[in-house]
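> sequence and computational prediction follow.
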Amino acid sequence: MSLSKVRNFGIIAHIDAGKTTVSERILFYTGFLRKLGEVHNGEATMDFMKQEQERGITIASASICCNWREHRLNLIDTPGHVDFMLEVERSLRVLDGVVAVFCAVGGVQPQSETVWNQAQKFGTPHIAFINKMDREGADFNKTIDMMDEMLGANPVRYQIPWYKDGDFLGIVDLIDMFLVSYEEGNNGVKDIPEELLESAKKYRNIMLEKLSEFNDEIMEQYLEGKDSEISSDLIRKVTADCVHKALFTPVFCGAAYKNMGIQPLLDAIVDYLPAPTEAGKVLGYSPDDKEKSLTRQPVPSAPFSALAFKIIHDPFVGQQTFIRIYSGKIKTGDMVWNSTKKKRERIGRILRIFAKDREEIEEAQAGDIVALIGMKSTTTGDTLCDQNAPIILENITVPPAVISVKAIVDSRQERDKLGNALNKLHLEDPSFSYHFDEETEEAIISGMGELHLEIIIDRIRTEFKVPVQAGEPSISYRETITTEGNSNTKYAKQTGGKGHYAHCIIRIEPNPGKGFEFNEVVKGGDIPREYIPAVEKGIIDALEEGTIAKYPVVDVKVTLLDGSYHPVDSSEMAFRTCGSMAFKDAFKHASPVLLEPIMKIEINSPDSYLGDIIGDLTRRRGKVSNMRRFRKGSQKINGTVPLKEMFGYATTLRSLSSGRANFSMEFLDYERLPESMAEEVVKMANEKK
C-alpha cells in the first residue's frame, strides 16, 4: 500500500470521555469487528488486559490496524488516567496525528489538558471529537469555548449537533451542508431542517473565514460573496494543510455509544490527519557526535531507522518489541543495529498487531507500526537502524516515580520469581521501577500513583503467579542543598602491591530546578584529563544516596577546582571513588534539606460541598490556586498538595461529597519538607539501618 494511504493516529482524552468506545466503533465500522464490545461489560477489544476489563479503564496503550476508504489506519488507544501518562507519552512520540476526545458534559477536564499539552510538545497534528452529545447536560458550544480558553486550541466547528424534542438525533455537515440523521425510521443524509439552517450558515461562514486566512483562493471567493461556490474538495485540501501545520482544530461531534458520528469522524481522519510522507523527515543525531544533527526521509528507499517505543511480554510468542519505522524497510531475518546500545540485533519475526491478536508478515517499511520478535537488548526509547548509516532518534521522556510500596513475599524462592516479574514489568513500563533493600531483603517498588502500583501488584499475582502482598506506601523524597559547600578529599590506600591514590577539591552549590551540573576548572595538569570523567562518574554515583536519609540528590552544581595525582597509584577507579567521597563530604557542609513531591490537583465538586472539601484540603497542607465555574451548580478547584497527605483521599472525597465530587492529580514539582516532618523521616530512615 502506498505511504500516502497510511494514517498513524491515536486517541487521547481525559478518563471516561469515551476513548475506548470511540475506538470500538471505529473497528466496527471499518469492518474489523463483527460484534461490538462494550467497556462497561469488559468486552472492549482494545481493553484486553484482565485489569482493564475489571476496572473499565484503559491501562496500556493498545495498537490495532484497520482499513477505511482504501486507507490503512494504524490506531493506538491510549489511557486517560494520570498514573499511566507514560503510555500516552510514548504513543504520541511515534504517531503522526491524534483525535482528541472530549466529553460534552464534562468539557475540558484535568487530563484533557495534560494529554493536550503532551501532543503540543511533539507538535502532533490533531482534530477533536466531542463525544456523549446524547447525555443530559451535554453542551457542545460550552465545550468548544473551554477548548479555546483552557487549551488555546483555536477550535473551528466542522459539524453542529441537531436536537429534536431535546434528543440528540443528528449532525449537520458544514462543508457539504447536509444533515446526517440518526432518527429511528428516518435515518440517512437529508436536507438541513429549517430551524437549524440559519445557525448552520453562520458557522459555515465562520469556518470559511478561518480558512480564508490561510488560502488566497478561498479568501477571494469569500470576499466576493461566492462562498456557496467554494468547492468541498478545496475546503478539505486547505483544512488538511492547516491541520498538518497545527494552525487550528477542526471539531466534530457525536455519541459513540449510540453509534452516532463515527463514520464522518473516520472520513475526517483520512481527509485531514497526515500520512507518514506528509509528517515530514525525522530528526536525529550522530551516535558519535550529539551536536551533529541527521535526518531521514520517510521513504522505503532511505536507510532503515526506527524507534522502539513499547515492550510487551506475551506468554505465547515471548517479548514483543513495538517499533515505528521512520525510513527504509526490514525483512524477517535481517540484522539491524541498535545505535543506542551499540549492539547488533537479529529480527526473528515481524508481526502486525490487532490488539491481543497478531498477524505475521515478511517485511515492513517506512510508516509501519509493527512488533518484532527476537530483540535481546532493545528497550523502550532505543533506536534501531542500518549499521552503515547510524542515527539516534529523539528518546522518550520517562516521568519520575512519586510513590513507593513494599512488595512482600514469604520465601527466597518466591523472591527470585518476584525479581524476574519485576524486571519484565520494568521493561514494559519504565515509569515503574524497583530495587531490593539488601539489609531488609525487601523489594521496594515505585510508580506514578496508588492505582499504578495496585495494577502492578495485581499483575504480579495473576500473570506471574507470585503471591505478593503490598506493604505500607512510602514517599520518594529527594535531598538537596541550600548553601555552598566545599571539600578537599584525598583517597590513598595501600594494598601491598600497586596502591590507590586520588585527590579532589570540589565546590557544590544549589542549582534549583536545573538538575545536576558538573564543571571543572582544573589547570596545569594537576589532574590528568583522562581522570576528570571518572570524578564526574563518582559524583553521579553519590547522587543516588544523600546523607540525610539516603534519598536521591537533585539540583546541585558541582565544580572540580583542583587536586593531585600519583604517576603510579592513580587510576580511573581511584578518582571515581574520590569523587564520590568528596561529594558526600561537601554535601554535609552545604545545609542539606529534604524535598517532598508536590502534586497538582483538580477537584470537580457541586457548590454545596465546596466548604468541606476546601477545609479538608487545607488540613492536608494543600493550597487552592483558583476556582472557576465548571457548569451550573458545580465548580473546579485547582491547587497543589503534598503527596504525603493524599493517601486514601479518594475515599475521603467520596464521603465529603456523597460520591458526587471527583478529582485528578499529577506530579508537579519537589518542595522543601517542613523541618518537623523532615525529622520524622530521618528518624524512620535511621531505624531501618
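Structure's in. What do you need?
> tell me which residues touch Ala268, please.
Contacts for Ala268 (Cβ atoms under 8 Å, 6 or more residues apart in numbering) come out as 127, 158, 250, 252. Glycine gets a C-beta too; all of them are placed from N, C-alpha and C.
> ok, it to Met581 distance?
62 Å (Cβ to Cβ, to the nearest Å).
> same thing with Asn186?
82 Å.
> more crowded one of those two?
Neighbours of Asn186 and Met581, each counted by other Cβ atoms under 10 Å, are more numerous for Met581; the result is 19 against 10.
> element containing Arg629, please.
Here Arg629, judged by DSSP states H and E, is contained in strand 623-631.
> what comes into contact with that strand?
Contacts of strand 623-631 (Cβ under 8 Å, 6+ apart): 105, 107, 137, 139, 142, 604, 610, 614, 617-618, 635-641.
> buried subset of those?
105, 107, 139, 142, 604, 610, 614, 617, 635-637, 639-641 (16 or more other Cβ atoms under 10 Å).
> which ones among the residues you listed are found in strands?
604, 635-637, 639-641 (DSSP state E).
> pull the longest helix from this structure.
helix 194-212 (DSSP state H).
> so which elements touch it?
strand 155-157, strand 159-164, helix 216-223, helix 232-244 (3 or more Cβ pairs under 8 Å, 6 or more residues apart in numbering; DSSP states H and E).
> the first one - what's its average pLDDT?
What it means is strand 155-157. For strand 155-157, mean pLDDT rounds to 98.
> I'd like the distance from that strand to the chain centre, please.
Centre-to-centre, strand 155-157 and its host chain are 26 Å apart (Cα atoms, centre = their mean, to the nearest Å).
> might you report the residue contacts of the residue nearest the centre of the chain?
Nearest to the geometric centre of the chain sits Glu89, at 2.4 Å (Cα atoms, centre = their mean). Glu89 is in contact with 118, 396-397, 399, counting by Cβ under 8 Å, 6+ apart.
> and those residues, which is closest to Leu273?
Gln118 (17.0 Å; Cβ to Cβ).
> what strand or helix carries that closest one?
Short version: Gln118 belongs to helix 110-122, going by DSSP H and E.
> C-terminal to the lowest-mean-pLDDT helix or strand in the chain, what's the next element?
The weakest-scoring helix or strand in the chain, judged by mean pLDDT, DSSP states H and E, is helix 50-55 (a mean of 48). For helix 50-55, the following helix or strand on the C-terminal side (DSSP H and E) is strand 62-68.
> partner strands of that next one, parallel or antiparallel?
strand 71-77 (antiparallel) (DSSP bridges).
> centre of the chain to the partner strand, how far?
Using Cα atoms, centre = their mean, the offset of strand 71-77 from its chain centre is 19 Å.
> and the longest helix of the chain, which residues are buried?
Neighbour-count burial for helix 194-212 [16+ other Cβ under 10 Å]: 196, 200, 203-204, 207-208, 210-212.
> with respect to Ala443, which of those residues is nearest?
So of these, ranked by how close each gets to Ala443 (Cβ to Cβ), first place is Lys210, at 55.6 Å.
> now do the contacts for the closest residue to that closest one other than its chain neighbours.
The shortest distance from Lys210 to any non-neighbouring residue, by Cβ to Cβ, 6 or more residues apart in numbering, is to Val156 (5.1 Å). Contact analysis of Val156 by Cβ under 8 Å, 6+ apart lists 206-207, 210, 248-251.
> that older thread, so which elements touch the helix holding Gln118?
Secondary elements touching helix 110-122 (3+ Cβ pairs under 8 Å, 6+ apart): strand 6-13, helix 85-94, strand 97-103, helix 140-151, strand 662-672.
> repeat that for 10 Å
strand 6-13, helix 85-94, strand 97-103, strand 126-131, helix 140-151, strand 592-606, strand 662-672 (3 or more Cβ pairs under 10 Å, 6 or more residues apart in numbering; DSSP states H and E).
> can you put these in TSV and add mean pLDDT?
Below are these laid out as TSV (pLDDT from 0 to 100):
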stretch	mean pLDDT
strand 6-13	92
helix 85-94	83
strand 97-103	96
strand 126-131	98
helix 140-151	93
strand 592-606	91
strand 662-672	84
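> nearest to Asp77, out of those?
Of the helices and strands packed on helix 110-122, nearest to Asp77 by Cβ to Cβ is strand 6-13, at 5.4 Å.
> could you point out which element follows the closest one?
helix 19-29.
> just the angle between that following helix and strand 62-68, please?
Helix 19-29 and strand 62-68 are oriented at 40 degrees to each other (axes from the mean of the first three to the mean of the last three Cα atoms, to 10 degrees).
> average pLDDT for helix 19-29, rounded please.
The pLDDT scores in helix 19-29 average 89.
> now swap in stretch 446-456 and tell me
83.
> just the helices in the stretch 251-400 of the chain please.
Applying DSSP state H, counting those that start in this stretch to the stretch 251-400 of the chain gives helices spanning 262-272, 276-279.
> go on, the stretch 451-600 of the chain?
Using DSSP H, counting those that start in this stretch, helices in the stretch 451-600 of the chain cover 532-543, 572-588.
> which of the ones you listed is buried the deepest?
Greatest average neighbour count among those goes to helix 572-588 (a mean of 23), per mean count of other Cβ atoms under 10 Å.
> may I see the ones in strands among the buried ones among the contacts of strand 623-631 organised as TSV, with distance to Asp216 added?
Supplementary listing: those in TSV, determined by distance: Cβ to Cβ, whole Å:
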residue	distance to Asp216
Asn604	45
Gln635	46
Lys636	42
Ile637	48
Gly639	48
Thr640	48
Val641	52
